[in-house]
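Novice: Here you go, sequence then predicted model.
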Amino acid sequence: MANVVTKAVIPAAGLGTRFLPATKAMPKEMLPVVDKPAIQYVVEEAVDAGLSDVLMITGRNKNALENHFDRATEIEATLERKGDTDRLEKVNYSTDLADMHYVRQGDPKGLGHAVLRAKMHVGNQPFAVLLGDDIIDSRDVLLKRMLEVQAGRNTTVVALLEVDPSQIHMYGAAAVETTDEDDVVRVTGLVEKPDADVAPSNLAIIGRYVLRPEVFEILERTEPGKGGEIQLTDALQEMAGDVEGTGGVYGVIFRGRRYDTGDRLDYIKAIVQLAVDREDLGPGLRPWLKAFASNLDSEKPATDNGH
């Protein structure tokens, strides 16, 4: 049973400087995506994949994260008194969603260091890492598939996404070899944010990993890299080159819907994309969007405010 994945780790210690001043007093992970904080989508994804033991790596001024997944007795009592069962159910849902644990990162030494802080909680078993900037549409399977591949091959698995070659410099790029499965490749090397003309492929690493516990030993001896941070990519690069010792690294190519909430423009797009598919919001939002878009090319501004 040592190889069964039961735990998810969510690094959430970043400062969120790209969203200042909104993140001056509120964690970026608590920014709402429609009517739920971004972090709740990520925890829900872990739980849906069968990982209800969740460790969040936090930092200073991140108390709101713990509060969100804790009881809110005053709100609960008020809603119960009003008979507002729908909203009460939503409040209680996040409270009962997962078995939540928290540890502070301390020094901001990068993603590799944040993952290393999970060592005591995870122990000697594989585990999943989910980054909060990437929201995977709940209608599309990614983490469950990664867990299947990990169980079948007893290896480390990363999520890969085909991007336009002109965008690969924004990601870590994977050099890969095909396997007998259409959506699975063996990763032979990783390059962090390469220029398009030297990138090994247009397969970008996105924020989902299923890691074998050997990653901790490697991270402990990994020297700080770019920006003085301990890079998870450096540890993965070593594991990819040592197939015999660590099982190598494989990638699952994701062809579903992903929403990037780490960039301001993509964050706005994510809200719109998710809202138009909602049964309660889509019917009213779609015609307004069409009217708004049609007015963008004209000199007449859209002034109906949705009415």
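Specialist: That came in fine, so what should we check first?
Novice: where does G248 fall, phi/psi-wise?
Specialist: phi 70, psi -170 (degrees, to the nearest 10).
Novice: Name the nearest residue to it, ignoring sequence neighbours.
Specialist: Computed as Cβ to Cβ, 6 or more residues apart in numbering, the closest residue to G248 that is not its neighbour in sequence is T155, at 5.5 Å. Every residue, glycine included, has its C-beta placed from N, CA and C.
Novice: I'd like the distance from H113 to T222, if you could.
Specialist: In this structure, H113 lies at 9 Å from T222, with Cβ to Cβ, to the nearest Å as the measure.
Novice: Please identify every residue contacting each of those two.
Specialist: With contacts taken as Cβ atoms under 8 Å, 6 or more residues apart in numbering, H113 and T222 have I230 as neighbours in common.
Novice: From the structure, what's the count of residues near the residue nearest to D99 when sequence neighbours are not counted?
Specialist: Spatially, and ignoring its direct neighbours in sequence, D99 is nearest to D53 (5.1 Å; Cβ to Cβ, 6+ apart). As a burial measure, the neighbour count of D53 was computed by other Cβ atoms under 10 Å and equals 18.
Novice: Return the set of residues that bridge with D53.
Specialist: With DSSP bridges applied, the residues forming beta bridges to D53 are K7, D99.
Novice: And the longest helix belonging to the chain, what does it pack against?
Specialist: For the chain, the longest helix by residue count, based on DSSP state H, is helix 282-296. Other elements packing on helix 282-296 under the criterion 3 or more Cβ pairs under 8 Å, 6 or more residues apart in numbering; DSSP states H and E are helix 264-276.
Novice: so how far is the helix it packs on off the chain centroid?
Specialist: Computed by Cα atoms, centre = their mean, to the nearest Å, the chain-centroid distance of helix 264-276 equals 16 Å.
Novice: For stretch 9-29, give the mean pLDDT please.
Specialist: The average pLDDT for stretch 9-29 rounds to 89.
Novice: What separates the first and last residues of that stretch, distance-wise?
Specialist: Start to finish, the residues bounding stretch 9-29 are 14 Å apart (Cα to Cα, to the nearest Å).
Novice: Buried residues in it, which are they?
Specialist: Neighbour counts over stretch 9-29 (16 or more other Cβ atoms under 10 Å) mark 9-14, 16, 19, 23, 26-29 as buried.
Novice: how about those in TSV, adding distance to Q237 and secondary structure?
Specialist: Conversion of the buried residues of stretch 9-29 to TSV gives the following (distance: Cβ to Cβ, whole Å; DSSP: H, G, I helix; E, B strand; the rest coil):
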residue	distance to Q237	secondary structure
V9	20	strand
I10	23	strand
P11	19	strand
A12	25	coil
A13	23	coil
G14	22	coil
G16	27	coil
F19	30	helix
T23	31	coil
M26	35	coil
P27	30	coil
K28	28	helix
E29	28	helix
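Novice: Of those, which is the nearest to G227?
Specialist: Out of the buried residues of stretch 9-29, the one with the shortest distance to G227 is G14. That distance is 12.7 Å, counting by Cβ to Cβ.
Novice: Could you find the closest non-adjacent residue to that closest one?
Specialist: Using Cβ to Cβ, 6+ apart and skipping the chain neighbours, the partner closest in space to G14 is K28 (6.6 Å).
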